[in-house]
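A.B. asks: Mind folding the following:
(one chain, ligands or ions: 1)
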Amino acid sequence: MNELLNSLTRAAQETNIPLSNHHLQLFEQYYQCLLEGNQKFNLTAITEPLEVAVKHFIDSLTCLTAVNFPQAARLLDVGTGAGFPGLPIKIYRPDLNVTLMDSLNKRIVFLKETLNTLGLSNIQAVHDRAEDFGRRPADRENYDIVVSRAVARLAVLAEYCLPCVKPGGYFISQKGPDIEQEVQEAARAIKILGGQLTEVKKIQLPLIGDGRSLVVIKKIQPTPATYPRKAGLPAKKPIL
Ligand SMILES: C[S@@+](CC[C@H](N)C(=O)[O-])C[C@H]1O[C@@H](n2cnc3c(N)ncnc32)[C@H](O)[C@@H]1O
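C.D. replies: Okay, here's the model as predicted:
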């Protein structure tokens, strides 16, 4: 077995996320796309098989341990970059209807090529800014779950993501190990935008042991129509 599949299998066992041969085949294809795409699109500094298996693929799949993802749920990944965490989640759960969104078009071009290669259906890559996307009637409050990794501080990210979550749905923010201060700083934004902090789930990545946090926020009320504010404003003047 090659190094990627060997690492992925061991990491998945340790995390209690069983992977089928079909999953492994798709992850291997995705890895090849990442390596090839990296030369053209400059996608990620992480390219070693063990690191990609754990820090990209398994790290993405840990979102599935945060809340129940209902069958055929609509999932949005804000600032997906090279597809994390949305694409590994889709590989694992093909029943989900997934939208990968990013404001950088070259990442979307890469993702469209990759989705073609992997032959996945019910998944789309969309070029947009979160602030504009969240105001579109077709997308606003239309996702069961919104995920995001490494895009912005939580107070800013809440304004990017919560407007798209259906009331009753969840926003899962993937963060590093020391997140308490950032969560506190975002408390007002989360409340104003209609969210309620449910849990900060601590994760230890298998094989390498690095710590991560999943900040789980439930949407309990509709987001006021004034949010998200116009592009650039959430980052420039976060709700604090
Ligand atoms: C550091 S990368 C993280 C990519 C991926 N989520 C990951 O964890 O590997 C941040 C990504 O967020 C995107 N981004 C930043 N601000 C955004 C916004 N306002 N709307 C949509 N995408 C945004 C960037 O283009 C970039 O691809």
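A.B. asks: Confirm that residue 110 sits in a strand.
C.D. replies: No. Residue 110 is assigned helix when assessed by DSSP: H, G, I helix; E, B strand; the rest coil, not a strand.
A.B. asks: Could you pull up the contacting residues of it?
C.D. replies: By CB atoms under 8 Å, 6 or more residues apart in numbering, the residues touching residue 110 are 33, 37, 40-41, 43, 82. Just so you know, the C-beta spots here come from the backbone N, C-alpha and C atoms, and that holds for glycine as well.
A.B. asks: Now the helix or strand harbouring residue 181: buried residues?
C.D. replies: Using DSSP states H and E, residue 181 falls within helix 180-185. Across helix 180-185, burial judged by 16 or more other CB atoms under 10 Å covers 182-183.
A.B. asks: Tell me the helices and strands packed up against the helix or strand just after that helix.
C.D. replies: Downstream of helix 180-185, the next assigned helix or strand under DSSP H and E is helix 187-192. Identification of packing neighbours for helix 187-192 by 3 or more CB pairs under 8 Å, 6 or more residues apart in numbering; DSSP states H and E yields helix 154-161, strand 195-204.
A.B. asks: where do the strands sit along the protein?
C.D. replies: Secondary structure of the chain (DSSP state E): strands at 74-78, 97-102, 123-127, 143-149, 165-175, 195-204, 211-219.
A.B. asks: So residue 15 sits against residue 59, correct?
C.D. replies: No. If you go by CB atoms under 8 Å, residue 15 and residue 59 don't touch, sitting 9.8 Å apart.
A.B. asks: so what's in contact with the two at the same time?
C.D. replies: With CB under 8 Å, 6+ apart as the test, residue 15 and residue 59 reach no residue in common.
A.B. asks: Give me the residue ranges of this structure where confidence is low.
C.D. replies: For the chain, residues meeting the criterion pLDDT under 70 lie at 1.
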